[in-house]
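A.B. asks: next come a sequence and a model predicted from it.
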Amino acid sequence: MSSDVQSVLAQLQLNDYISVVILTAISYDYCLTFSKEIAYIWQRPWTRVSTLFVVVSVLSGVLLLRSAVHTQTSGIHQIRYVGYVSGITTALRGWAYTIFWMSADMVMVLRVYALWNRSKIILGVLLVIYTSEVVILLVSASIYSDPKYAIASVAQILDITVCSFMLSTQTWNIAPATIQCILGCVLCLLVVAKSVRDLLQMYRATRKWQMNRYISLLARDGLFYFLALFLVLDTQGTLGQGLVLLLTSIFAAVVLFTLTPRFVLNVRELYVLDTQGRWDIDAGFGLSSQAGHGVGGSASIGTIAFAAGGLTGSSEEGQSTAAVSPRERAESDDREEIVIE
């Protein structure tokens, strides 16, 4: 057996390892989050955030499954189907990635918007960058799915059918990555700035360096997302082999796609359990369902509007204010900042 054939077979073996890891991660994560998904998505009034969750959740599963059965190392795709079927799945992957990125970034934009007390300036800046990203992603997906820009070849190595696929132009690989990096950097800086500001406020109130748990949740999830995003973009722009590619492929595919739906579940769980239903379930995204607050009694379930208020039962809270410690009062003020201007 020649050294070239042995090298290809070694790469295909790495493909199999990646497939097993991805399938295991999908199954394990779904078992962990299934009960939360039922409780905080399907048993709650339907809102636009619910729709975003379904989109990122379904596409995450589809893309991970596609990666598991159509894995890649060093430009080699090990597949059980060739020809037009391979071309169709490649085109669908491009559009699936586009819709996923658009939905996932919108979730992060809304979370940062809520983090900054629904600042219209922050929202305006983020929407300008986000709109530019959407346009570039859509154009890139159109080019990526066009067969004339793709070069594919099929070879038979022993009893394995191998498909090698690459784009004939790299321009529209660079453009989406650039705008995504810009949006990711802006979001990351805003999260870090807000976290530092909250940490200082908590220290002045309690004389302890302890971050408010609400801000901490948003910051932690956001930083994980940005780390995974930058790793994915870096992986797309570089070529690697062996263990390095194996580890980065696993991290990029599993961490990003499994964590993104969790962001919605984490925020909803926090607001349902910790606030005992006093706030709207989507207040952590700077949005609120008017039906949830009963505003005017006429808004339909799922109608989303910018939150005009956060807490109910203010008279009862006013009677118990004296019994609240300075630290609890500081945390309550920080929580209220997320949903009240």
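C.D. replies: Perfect, I can see it now.

A.B. asks: would you map the helices across the protein?
C.D. replies: Taking DSSP state H to define them, one finds helices in the chain at 3-37, 48-69, 84-115, 120-144, 171-206, 213-237, 242-250, 256-273, 290-293, 314-319, 326-339.

A.B. asks: could you list the buried residues of the fourth one?
C.D. replies: Judged by neighbour count using 16 or more other Cβ atoms under 10 Å, the buried positions of helix 120-144 are 122-123, 126, 129-130, 133-134, 136-137, 140-141, 143-144. To be clear about C-beta, it is placed using only N, CA and C from the backbone, and glycine gets the same treatment.

A.B. asks: which stretches of the stretch 101-250 of the chain aren't confidently modelled?
C.D. replies: Regions of the stretch 101-250 of the chain meeting the criterion pLDDT under 70 cover residues 144-173, 235-247, 249.

A.B. asks: neighbours of residue 216, just the number please.
C.D. replies: Counted by other Cβ atoms under 10 Å, the residues lying close to residue 216 total 14.

A.B. asks: before we move on, what about the one 5 residues further on?
C.D. replies: Burial of residue 221, expressed as a neighbour count using other Cβ under 10 Å, amounts to 21.

A.B. asks: how about it, nearest residue that isn't a chain neighbour?
C.D. replies: Leaving aside its sequence neighbours, residue 221 sits nearest to residue 263 (Cβ to Cβ, 6 or more residues apart in numbering; 5.0 Å).

A.B. asks: distance of that neighbour from residue 270?
C.D. replies: 11 Å (Cβ to Cβ, to the nearest Å).

A.B. asks: for the residue nearest to residue 221, give me its contacts.
C.D. replies: Neighbouring residues of residue 263 by Cβ atoms under 8 Å, 6 or more residues apart in numbering: 107, 108, 111, 221, 225.

A.B. asks: then residue 57?
C.D. replies: Going by Cβ under 8 Å, 6+ apart, the list of residues near residue 57 reads 37, 261.

A.B. asks: model confidence for it, exactly?
C.D. replies: Per-residue pLDDT puts residue 57 at 89.

A.B. asks: ok, now the one 5 residues further on?
C.D. replies: We have a pLDDT of 80 for residue 62.

A.B. asks: that one and residue 97 touch, don't they?
C.D. replies: No: using Cβ atoms under 8 Å as the test, residue 62 is too far from residue 97 to be in contact (10.2 Å).

A.B. asks: and residue 54, what is it in contact with?
C.D. replies: Residues in contact with residue 54, defined by Cβ under 8 Å, 6+ apart, are residue 41.

A.B. asks: residue 21 against residue 254, yeah?
C.D. replies: Yes: if you go by Cβ under 8 Å, residue 21 and residue 254 touch, sitting 7.2 Å apart.

A.B. asks: so between those two, which is more surrounded?
C.D. replies: Neighbour count, other Cβ under 10 Å: between residue 21 and residue 254, residue 254 has more, with 22 against 18.

A.B. asks: now that one, nearest residue through space, not along the chain?
C.D. replies: Using Cβ to Cβ, 6+ apart, the closest residue to residue 254 is residue 25 (4.4 Å).

A.B. asks: now do the one you found against residue 61, distance only.
C.D. replies: 11 Å.

A.B. asks: ok, now residue 200?
C.D. replies: From residue 200 over to residue 61 the distance is 41 Å, taken as Cβ to Cβ.

A.B. asks: please consider this matter closed, and thank you.
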